[in-house]
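Novice: Got a sequence here, can you model it:
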Amino acid sequence: MKRLPRIEQYGLIGDMQTSAHVCDDGSIDWLCLPRFDSPAVFAGLLGTEKHGTWQIAPASRSRSGLDPELSPNRRYCGDSLVLETVWRTPTGSVRVLDFMPPRDGTPQVIRIVEGLAGEVPMVSAMRPRPGYGSVSPWIHEVDGRMVAEAGADALWLDTCVEQVEKDGVVISGFDVPAGQSVAFVLSWCPSHAAAPDVPDPEAALAETLAFWQEWTQKCTYDGPYREPVVRSLIALKAMTYGPSGGIVAAPSTSLPEEIGGNRNWDYRFTWLRDASTTLAALLGTGYRQEAQAWRRWLLRAVAGDPENLQIMYGLTGERDLRERELPWLPGYEGSAPVRVGNGAADQLQLDVYGEVIETLYLAHQSGVAHCADSAVLHQRLIKHLAQRWHEPDEGIWEIRGARRHFVHSKVMAWVAVDRTIRLAEAGALDMDLGPLIELRETIHREVCAEGFDPVRNTFTQSYGSQELDAATLLIPRVGFLPPDDPRVIGTVDAVRRELSTADGLVHRYPTTGEDAGVDGLAGDEGTFVLCSFWLVDALALTGRLDEAHALFEHLLALRSDLGLLAEEYDPVQQRQLGNFPQAFSHMGLIQSARLLHLLSTRSSRHQGSVALPVPRSAPDRRRQTRTGLASQHA
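Specialist: Okay, here's the model as predicted:
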């Protein structure tokens, strides 16, 4: 019976167009070709070996989990996405290097097995199953090369050792003595095209390492926690679709938010919200080129129709992301259904206007050159938002129940207007300030009146509701209210009291088990990693720096041995949950590290007091920061 690895037992390799999940037992269990959103050719992650895997491991190692003496050690090679796994066996030791060269043509997975000591018998067993594990390909030999063909797809596997096909599995048994190596190259191409060239694996390795070294050297962050920040930046870069500049929320689908549950979604698309906040993290660490590429992607995706803005698009701006289920896949640990596509693409989520416009503002603040086309888009977006901000929506968490007036959505509508005013005041945007200033104050008054519970001294999830929402922790972060406002402090305390676990991990909002809750779904979920980083930020901003640092370091300890984070964490079973790795989680890590560094530096300079931006007065609040904290610290 197949051993079921935990989500955190997987490493990620990729080429900025797609990626693969490599388990610590040497098996690639998830690989979509040629793009992140293409059908998987290895889908064992969501099923069993019969749905597609490719394992390279010592011959005595099997997925049954026997022989614990062969448990490997693994790491990434420096600041790169080259995964190194070292096996130590009774007869010797070997190193396996797994990577995908940054693509310049054919997508390829390269696996190099190097002998370190003694001599180790190894086995490569590749079971390709295109179509998300539904198709058994035609496996045959062409001019001494092994190829698996199915419909439009062809997978070519090249190596210097003998390959044999048996029951749909391509098997190679070989010995690796110290000082020698054996390489395997898996290449994808259309089945009607000519066979791809075979690369030089060692040259490809050198080029891949050089690429990542050059890219990571551009990072401008030099504060504490630099290692996890850089590792998170690499993960975010790996989730960027290079040809278009789009960024996937995660390179996987249907990894469950609850083991055995049905909260399983496809994240292999570009959410405006996720991409915007990811780019804020990249901009804040010196990566302006990615912002320019994303701005071009945004212009193409939204095209001439910003009035029908979608909350997510395909990698190159596709609009049709219809959701369907794959009944032949049993799901990760029986968590069904497995879904591809995402029906949330048709939802109304008003907060995305704030995230997009905030990112355009940050790009301007970071020195990204002015773009007349994006200015026109900005003007049309804010005009449309002005007409719709008062409507109920599905909100940041993409509920599948009735629309509500979500407080976070209204706050982010305020952010959209506020950042537009700032750009207009700076002369970067030609707009009439009077109506915008009036609109900003109108939204602010309504949120403070309708979205705040004065009895419990907390902002709520939606107007008139009793439920709390971790997204309200962002109120001081975006500058809607200053951190020392009693309503902010009360909200932080309420979230800690009602949505947090004993060790500070934060749930998004209450779920109700078997009954459908506010989100329209049955079942529960783990704590949400990004929300826990939001609590770090809120604690730091409200002057509780020691508590913020303690929670941040606890969150760092939840990362996998490779420094990766999924969407959620189960504090009871102590395991990661949800799609993996998750851009939101790594973005949150970067932003919290930067904020802690900034506020700790200020605190030390002012002998323990945290100097916050100079406020400006506004109706219905004691004070409001002129420069929103998201803009200063994002």
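
Novice: what's the burial count for the nearest residue to residue 129 once chain neighbours are set aside?
Specialist: What sits nearest to residue 129 in space, not counting adjacent residues and going by CB to CB, 6 or more residues apart in numbering, is residue 52, at 3.5 Å. Using the backbone N, CA and C atoms, a C-beta is placed for each residue, glycine as well. Residues near residue 52, counting by other CB atoms under 10 Å, number 30.

Novice: same deal with the one 3 residues further on?
Specialist: Each residue near residue 55 was counted by other CB under 10 Å, and the total is 21.

Novice: what's across from it in the sheet?
Specialist: Under the criterion DSSP bridges, residue 55 forms beta bridges with residue 27, residue 125.

Novice: Start the count at 494 instead of 1 going forward.
Specialist: Okay, residue one is now 494; in that scheme the one you just asked about reads as residue 548.

Novice: and it, how far is that from residue 516?
Specialist: Using CB to CB, to the nearest Å, we find residue 548 at a distance of 8 Å from residue 516.

Novice: Isn't the residue nearest to residue 622 up against residue 535?
Specialist: Yes - applying CB atoms under 8 Å as the test, residue 545 and residue 535 come out as touching, 3.8 Å apart.

Novice: show me the residues around the residue of the chain most remote from its centre that make contact.
Specialist: Going by CA atoms, centre = their mean, the residue of the chain most distant from its centre is residue 636, 41.3 Å out. By CB atoms under 8 Å, 6 or more residues apart in numbering, the contact set of residue 636 is residue 688.

Novice: Quick one: low-confidence residue ranges for the protein.
Specialist: Flagging of the chain using pLDDT under 70 yields the residue ranges 494-496, 554-563, 797, 1006-1010, 1097-1127.

Novice: Now with 80, please.
Specialist: 494-497, 553-564, 796-801, 861-864, 1005-1016, 1096-1127 (pLDDT under 80).

Novice: Please enumerate the helices of it.
Specialist: Here the chain has its helices, by DSSP state H, at 623-626, 694-709, 719-731, 765-776, 781-795, 844-858, 865-881, 900-918, 926-943, 979-991, 1022-1034, 1038-1050, 1076-1098, 1122-1126.

Novice: For the first one, report the contacting residues that lie outside it.
Specialist: For helix 623-626, contacts defined as CB under 8 Å, 6+ apart pick out 532-534, 536-537, 539-540, 543-545, 630, 643-644, 646, 648, 819, 821-822, 831, 833.

Novice: try stretch 680-687
Specialist: Contact with stretch 680-687 is made by 526-527, 534, 599-601, 642-649, 651, 688-689, 691, as judged by CB under 8 Å, 6+ apart.

Novice: Among the residues you listed, the buried ones, what's the ChimeraX command?
Specialist: Selection of buried members from the contacts of stretch 680-687 for ChimeraX, criterion 16 or more other CB atoms under 10 Å:
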select :526,527,534,599,600,601,642,643,646,647,648,649,651,689
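
Novice: The contacts of stretch 680-687 in strands, which ones?
Specialist: Using DSSP state E, the subset of the contacts of stretch 680-687 located in strands is 534, 601, 642, 643, 646, 647, 648, 649, 651.

Novice: now the residues you listed as a markdown table including distance to residue 1023?
Specialist: A markdown table is the format used below for the ones in strands among the contacts of stretch 680-687 (distance: CB to CB, whole Å):
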| residue | distance to residue 1023 |
| --- | --- |
| 534 | 31 |
| 601 | 33 |
| 642 | 42 |
| 643 | 38 |
| 646 | 35 |
| 647 | 39 |
| 648 | 36 |
| 649 | 40 |
| 651 | 41 |
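
Novice: and which of the residues you listed is nearest to residue 942?
Specialist: Nearest to residue 942 out of the ones in strands among the contacts of stretch 680-687 is residue 534 (CB to CB; 54.6 Å).

Novice: Surely that closest one is in contact with residue 526?
Specialist: Yes - Residue 534 is in contact with residue 526 according to CB under 8 Å; the separation is 5.4 Å.

Novice: overlap in contacts of the two?
Specialist: 646, 648, 681.

Novice: and which of the residues you listed is nearest residue 508?
Specialist: Lowest distance from residue 508 to the shared contacts of residue 534 and residue 526 (CB to CB) belongs to residue 681, with 11.0 Å.
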